[in-house]
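>>> Fold the following.
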Amino acid sequence: MSSEVFEHSLDSLCLLVVDCPHATPEWTTEGFIVLRNQNIKGGRLDLTAASYTDEAHYLGRIRRAAPQEGDLVITREAPMGEVCQIPVGLKCCLGQRQVLLRPDPNKVDSRFLLYALQSSYLQRQIGWNEGTGSTVSNLRIPVLEALKVPTPPLAIQKEIASTLGSIDDRIALLREINATLEAIAQALFKSWFVDFDPVRAKAEGLEPEGMDAATAALFPDSFEELELGLVPSGWKVGKVEDLMELPYGKALKATDRVDGPVPVYGSGGVTGCHNESLVNGPSVIVGRKGTVGSLYWEDRPFFPIDTVFYVRTDNPLTYCYYLLQTLGLEDMNTDGAVPGLNRNNAYRLPVVVATTSILESFDEIVSSLRNKMFSNSQHTQSLTQLRDTLLPRLISGQLRLPEAEAMVEEICA
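Numbering: from 1, shown residues only. The predicted structure is shown next:
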């Protein structure tokens, strides 16, 4: 810790340190948002899968304090020490195992404190019990209040928060762009291969929307009755096994992994890294055990463990990926107590298959989208590494702001 940076207890920097109610909220499908620990990760609040309660339970949960703009929420366990900031206009209440922090604006900048709590210096304090000399799994209020927070002058705090915030804002923008590109690809698949929009337009004597004449000419202008109902003329009905193979991943215990650049995939996503790949990407990972039917696209070489399948195909991988999204694999648990996807059941699923020229046209369009998504993901990874490198050095005073700003400008250029 730099001698130029003083430390203060977290309690002394906050107007409020309020534990959440311990009772389980009454869950509803709409109403007032309840923050859950799974919504708080990496310094961000993600409410894409929000949870709700009714007005009576909401009022009970804000009796001690209602979260307001600029407040911080930190998790006490499962996981411990994750933190986020309440954004403008969000009306919500805390869930379980959370603490509300209200920074004193005369002493500490809220966003600076958000970053400070994520720093390795504070995270070590959170996860270490000095009294017993051991790690802990529950963040007690006295320990939280006693955390030693590096606190440079308020003006410097704001500049540090602005520098780190500019990186986070860029990361958020890239993620939003990728979400939009993904939505475009999904919408295109649905239009062409589920709703058959180009075929319906031509059958009505209209020009298909959103495509050039050469692409439109690939689609028929009529339907024929097959076993799955009305299907575009010239297309066929097949099965998943006609389009792709789903090989098993391979067991790889955490203790057998050697640190390296290769992501290791389980049914819940990336579970670690290794120095050798089992599959040279791109490919698609399909959850087999645990999170049944989960789907992940991976451009790089990777190692799928034995709780997943991966896709091997001679057909366009883009088509196979978006087709798999429409088959309801997540509802195909057939293995009793431990959720599991039976590969033969997946193979037997019927699908409507377009002509090769249409599949190739779809692949050309969507591959360009996915290439942009991959580039954005790589840039996001670089920005994240820069932020994580700057964070402890700025908080501790070991790195001057002009140096940090120059590094940010260089990578964001």
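>>> Now do the helices in the stretch 151-300 of the chain.
154-189, 197-203, 213-216, 240-243 (DSSP state H, counting those that start in this stretch).
>>> and the first one, which residues are buried?
Applying a neighbour-count criterion of 16 or more other CB atoms under 10 Å, the buried positions in helix 154-189 are 156-157, 159-161, 163-168, 170-171, 174, 178, 181, 185, 188-189. (C-beta placed from N, C-alpha, C; glycine too.)
>>> burial of R393, as a residue count?
15 (other CB atoms under 10 Å).
>>> Could you do G268 as well?
Residues near G268, counting by other CB under 10 Å: 13.
>>> you'd agree it is up against V292?
No - with contact defined as CB atoms under 8 Å, G268 does not reach V292; the gap is 11.1 Å.
>>> T151: how many residues sit nearby?
21.
>>> Looking at strand pairing, list the partners for it.
F6 (DSSP bridges).
>>> Touching, it and S12? I think so.
No - applying CB under 8 Å as the test, T151 and S12 come out as separate, 9.3 Å apart.
>>> overlap in contacts of these two?
Residues touching both T151 and S12 comprise K107, with contact defined as CB atoms under 8 Å, 6 or more residues apart in numbering.
>>> doesn't Y321 make contact with D363?
No - counting by CB under 8 Å, Y321 is not a contact partner of D363; they are 10.4 Å apart.
>>> Please identify which of the two sits among more neighbours.
Y321 (24 against 17).
>>> what angle separates the helix or strand containing the more buried one from helix 154-189?
Assigned by DSSP states H and E, Y321 belongs to helix 317-325. On the basis of axes from the mean of the first three to the mean of the last three CA atoms, to 10 degrees, helix 317-325 is oriented at 90 degrees to helix 154-189.
>>> among the helices and strands of this structure, which has the poorest mean pLDDT?
strand 134-135 (a mean of 60; mean pLDDT, DSSP states H and E).
>>> Mind giving me the packing neighbours of the helix or strand following that strand?
Where DSSP H and E defines the elements, the next helix or strand beyond strand 134-135 is helix 141-145. When contacts are defined as 3 or more CB pairs under 8 Å, 6 or more residues apart in numbering; DSSP states H and E, helix 141-145 packs onto helix 10-13, strand 14-19.
>>> My guess is S382 contacts I411. True?
Yes - the pair S382 and I411 qualifies as a contact (CB under 8 Å) at a distance of 6.0 Å.
>>> Can you give the distance from stretch 54-70 to the centre of its chain?
From the chain centre to the centre of stretch 54-70 is a distance of 27 Å (CA atoms, centre = their mean, to the nearest Å).
>>> Kindly list the longest helix within this protein.
Ordering each helix of the chain by length in residues (DSSP state H) puts helix 356-396 first.
>>> Now that helix: average pLDDT?
Mean per-residue pLDDT for helix 356-396: 95.
>>> Now whatever helix or strand comes next after it: buried residues?
Sequence-wise, the next helix or strand downstream of helix 356-396 (DSSP H and E) is helix 401-412. Buried residues in helix 401-412, counted by 16+ other CB under 10 Å: 404, 407-408.
>>> could I get the helices of the stretch 151-300 of the chain as CSV with distance to Q118 and mean pLDDT?
Shown next, in CSV, are those (distance: least, CB to CB, whole Å; pLDDT from 0 to 100):
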stretch, distance to Q118, mean pLDDT
helix 154-189, 9, 95
helix 197-203, 46, 97
helix 213-216, 47, 96
helix 240-243, 43, 97
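>>> so which of the ones you listed comes closest to E77?
helix 154-189 (25.3 Å; CB to CB).
>>> Point out the other helices and strands that that closest one packs with.
Against helix 154-189 (3+ CB pairs under 8 Å, 6+ apart) you get helix 110-118, helix 317-325, helix 356-396, helix 401-412.
>>> quick one: which of the ones you listed is nearest Y58?
Taking these one by one with CB to CB, helix 110-118 is closest: 23.5 Å.
>>> Can I get the closest one in CSV, CA atoms only?
The C-alpha coordinates for helix 110-118 follow below in CSV (Å, rounded to 0.1, in the frame of the first residue of the first chain):
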residue,chain,number,x,y,z
SER,A,110,-19.7,5.7,-4.9
ARG,A,111,-18.1,4.3,-8.1
PHE,A,112,-14.6,4.5,-6.6
LEU,A,113,-15.9,2.4,-3.6
LEU,A,114,-17.5,-0.1,-6.1
TYR,A,115,-14.1,-0.6,-7.7
ALA,A,116,-12.2,-0.6,-4.4
LEU,A,117,-14.4,-3.4,-3.1
GLN,A,118,-13.5,-5.5,-6.2
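>>> rewinding a little: which among the helices and strands packed on helix 141-145 is found nearest to P198?
strand 14-19 (56.8 Å).
>>> quick one: buried residues of that closest one?
14, 17-19.
>>> Past that strand, which element shows up next along the chain?
Sequence-wise, the next helix or strand downstream of strand 14-19 (DSSP H and E) is strand 27-28.
>>> How about S222: what's its closest non-neighbour residue?
Excluding the flanking residues, the one nearest S222 by CB to CB, 6 or more residues apart in numbering is S233, at 4.7 Å.
>>> Which residues are in contact with that neighbour?
220-224.
>>> hmm, 7 Å instead?
S233 sits next to 220, 222-224 when contact means CB atoms under 7 Å, 6 or more residues apart in numbering.
>>> what residues go with each domain of this structure?
The chain breaks down by automatic domain parsing into domains covering 6-151, 190-358.
>>> Looking at those, which is nearest to S368?
Closest to S368 of the domains of the chain is domain 190-358 (CB to CB; 10.0 Å).
>>> Which strands or helices does the longest helix of the chain pack on?
The elements that helix 356-396 packs onto, with contact taken as 3 or more CB pairs under 7 Å, 6 or more residues apart in numbering; DSSP states H and E, are helix 110-118, helix 120-126, helix 154-189, helix 317-325, helix 401-412.
>>> between it and helix 401-412, how many degrees?
Counting by the same axes, to 10 degrees, helix 356-396 lies at 180 degrees to helix 401-412.
>>> still on that earlier bit, what would the buried residues of helix 401-412 look like in TSV with distance to F32 and pLDDT?
Shown next, in TSV, are the buried residues of helix 401-412 (distance: CB to CB, whole Å; pLDDT from 0 to 100):
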residue	distance to F32	pLDDT
A404	40	83
M407	42	85
V408	38	81
